[in-house]
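Participant: build the 3D model from these lines:
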Amino acid sequence: MNPEVYEGREGWLFLQGGSNKLGTLYDRKSTRLPDTKLHRWKQLIEYRARKLEALGIQYVHVHVPEKQTVYDNKFREPPIVDWRLSPARRLGEMMQESSHRNVWLDLTEPLRAMRDAEQLYLKTDTHWSAAGCFCAYRLICARIGIAPDLSLLDARKYLDFGAYMDLGSKLEPPVAEVFRFYDFLQNARRSHANPIAQYLETMPDKPVMHVGSHVGYRNDAPSAARKRIMIFGDSYSSQRGDALTGMLAETASEVEFIWSSNLDWAYIRRIRPDVVIYELAERFLTVVPKDRLSLRWILARRGLRAKWLARRGRRRMQRAEINTPAPPADS
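Facilitator: The predicted structure is shown next:
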């Protein structure tokens, strides 16, 4: 038994530990995430909202609930946490008292309402499934005033993929899971990918950098909403076409994704998007950002290393393809 993984009912696995000590965050007096720290988040959200409003930019602030916040019905007795004390729910309650509460987009209640109709998270990983992501996508589209593409889960390419995911791989023996892996990109094309993004796409076993990955998509289809959207987020949005970024790229004319919990104000002022979407997993609320991101500085510092790592990763992938035996010829 791995102390970082809680084994619930029906094969559902939940992260208990990790670097953010997730199991300790469902407590108003938590040393890692007390209400006083969430109040600092509230102040940050209000500051961002005021600043973006002055620039004529809509702001949408989203926290992706942890799996135990949504699927507490899969716990064995006694429950490991009280979902009502989840960090995002507590912060959401604070935001209801704010004059900028309109920038807050709650995902907890909608996901809990749908949890029995759809499998919204992977059983053996912390991430949401395509169905869970699609729920968030529809809510975001409604908030920013564009029509969602309701056919995304039916009309896009997918692969039923089996793998040992993060939580399942921690068990002994490891537990695999089959899930549907989508490529939502059909009308959208990628117009930009910086060296950090290219490095991540070489699929190394343990990436040494994520922050500062930056991709852009353009969509010239007549159905695409004439919106320029900038996402600051993490792996729940993803730089690839398989999650929230890909869904929005198929829906709006211009979408950028920047992997960061901090905003780059200089870049925002230069690009002037119509909408800034901030997405962050609930467990990362333990660190309050200072919004001092500089994409230019990160590339100056990490760009050459990212290019070198990307080349090395591509060579590894090519060697793997060469060494893969060919399938037997038809008899």
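Participant: give me the most central residue, the protein.
Facilitator: Tyr236 (1.6 Å; Cα atoms, centre = their mean).
Participant: so that residue touches Glu282, yeah?
Facilitator: No - Tyr236 is beyond contact range of Glu282, at 10.1 Å (criterion: Cβ atoms under 8 Å). Every residue, glycine included, has its C-beta placed from N, CA and C.
Participant: what strands line up against the helix or strand Tyr217 falls within, and which way round?
Facilitator: Using DSSP states H and E, Tyr217 maps to strand 214-219. Partners of strand 214-219 in the sheet, by DSSP bridges, are strand 188-193 (antiparallel), strand 252-259 (antiparallel).
Participant: quick one, helices of this protein?
Facilitator: 35-54, 67-70, 87-95, 108-114, 130-144, 152-155, 195-200, 244-249, 265-271, 295-323 (DSSP state H).
Participant: quickly, which of those bottoms out on average pLDDT?
Facilitator: Among these, helix 295-323 has the lowest mean pLDDT, at a mean of 67.
Participant: now do the shared contacts for Tyr236 and Glu282.
Facilitator: Contact criterion Cβ atoms under 8 Å, 6 or more residues apart in numbering; residues shared by Tyr236 and Glu282: Val64.
Participant: most packed of the strands paired with strand 214-219?
Facilitator: strand 252-259 (a mean of 24; mean count of other Cβ atoms under 10 Å).
Participant: report the angle between that strand and helix 130-144.
Facilitator: Using axes from the mean of the first three to the mean of the last three Cα atoms, to 10 degrees, the direction of strand 252-259 lies 120 degrees away from that of helix 130-144.
Participant: what does strand 252-259 contact?
Facilitator: When contacts are defined by Cβ under 8 Å, 6+ apart, strand 252-259 is touched by residues 146, 188, 192, 196, 210-220, 224-234, 237-239, 245, 248-249, 264, 267, 271, 273, 293, 295.
Participant: OK, contacts around Val178?
Facilitator: Neighbours of Val178 in contact, by Cβ under 8 Å, 6+ apart: 160-162.
Participant: gap between it and Leu122?
Facilitator: Computed as Cβ to Cβ, to the nearest Å, the Val178 to Leu122 distance reads 10 Å.
Participant: any of the contacts of strand 252-259 buried? List them.
Facilitator: Taking 16 or more other Cβ atoms under 10 Å as the criterion, what is buried in these is 146, 188, 196, 212-219, 224-225, 227-234, 237-239, 245, 248-249, 264, 267, 273, 293, 295.
Participant: returning to that earlier point: let me know the pLDDT of the residue nearest to the centre of the chain.
Facilitator: The model's pLDDT for Tyr236 equals 97.
Participant: cool, and Pro328?
Facilitator: The model's pLDDT for Pro328 equals 41.
Participant: so where is the stretch 151-300 of the chain shaky, pLDDT-wise?
Facilitator: By pLDDT under 70, the low-scoring segments of the stretch 151-300 of the chain are 203-208.
Participant: make it 90
Facilitator: Along the stretch 151-300 of the chain, segments meeting pLDDT under 90 span 161, 195, 198-210, 298-300.
Participant: re earlier: just the buried members of the contacts of Val178?
Facilitator: The buried subset of the contacts of Val178 (16+ other Cβ under 10 Å) is empty.
Participant: dump those residues to a markdown table, plus distance to Arg76.
Facilitator: Formatted as a markdown table, the contacts of Val178 follow (distance: Cβ to Cβ, whole Å):
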| residue | distance to Arg76 |
| --- | --- |
| Asp160 | 29 |
| Phe161 | 28 |
| Gly162 | 26 |
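Participant: now, the residues you listed that are in strands?
Facilitator: When the contacts of Val178 are checked against strands (DSSP state E), the matches are 160-162.
Participant: if I look at the closest residue in space to Ser98 that isn't next to it in sequence, how far off is Tyr59?
Facilitator: Once flanking residues are discounted, Ser98 sits nearest to Glu46: 5.9 Å by Cβ to Cβ, 6 or more residues apart in numbering. Separation of Glu46 from Tyr59 (Cβ to Cβ) stands at 10 Å.
Participant: what about the two, which has more around it?
Facilitator: Tyr59 (21 against 16; other Cβ atoms under 10 Å).
Participant: report the beta-bridge partners for that one.
Facilitator: Tyr59 forms beta bridges with Val276, as assigned by DSSP bridges.
Participant: my guess is it contacts Arg50, does it?
Facilitator: No - using Cβ under 8 Å, Tyr59 is not in contact with Arg50, being 9.4 Å away.
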